[in-house]
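Chemist: build me a model from this:
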Amino acid sequence: MTEDEPTDEISDIEDRIEALAEIAERCRKYILASKIAIGSGAALLLITIFGLFGTGQTAALGSIALVLGGIVSLGSNVSTLRQTDEAIRAAEARRAALIGRIDLRLVVDAPLKLV
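Modeler: Predicted structure coming up:
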């Protein structure tokens, strides 16, 4: 094994960690949007039930669809975020193991250069 192989693999792992971090951030945004959809749908459903603004059955069905869609999206993105976080932890552990295997040399006897 040459010296370049572990560093190349470490570089590839770091690229993968960055890509996974972007996926995790996107999941967090979708989770927030899902929570907003659930809250908005619930509020619209309550408004429809109490008949505050004269909304009809279409608004009630739309609010139910909004709540259910938000729940589905929330569940999907939460599970994807968990899987992504696990993949990030595994990649970081692999990177740490590779860094630990590199035979680092200490440079203690190097003369200091004055510029």
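
Chemist: going by C-alpha atoms from here, please, whenever you check contacts or count neighbours.
Modeler: Will do.

Chemist: what is the subsequent helix or strand relative to the lengthiest helix in the chain?
Modeler: Using DSSP state H, we find that the single longest helix of the chain is helix 4-50. Downstream of helix 4-50, the next assigned helix or strand under DSSP states H and E is helix 57-101.

Chemist: and that next one with helix 4-50, angle?
Modeler: Counting by axes from the mean of the first three to the mean of the last three C-alpha atoms, to 10 degrees, helix 57-101 lies at 160 degrees to helix 4-50.

Chemist: what's the mean pLDDT across helix 57-101?
Modeler: For helix 57-101, mean pLDDT rounds to 94.

Chemist: ok, Asp15 to Gln57 distance?
Modeler: Counting by C-alpha to C-alpha, to the nearest Å, the gap between Asp15 and Gln57 amounts to 50 Å.

Chemist: now the longest helix of the chain, how far from the centre of its chain.
Modeler: Its chain's average C-alpha position is 5 Å from that of helix 4-50, according to C-alpha atoms, centre = their mean, to the nearest Å.

Chemist: tell me which other helices or strands it touches.
Modeler: helix 57-101 (3 or more C-alpha pairs under 8 Å, 6 or more residues apart in numbering; DSSP states H and E).
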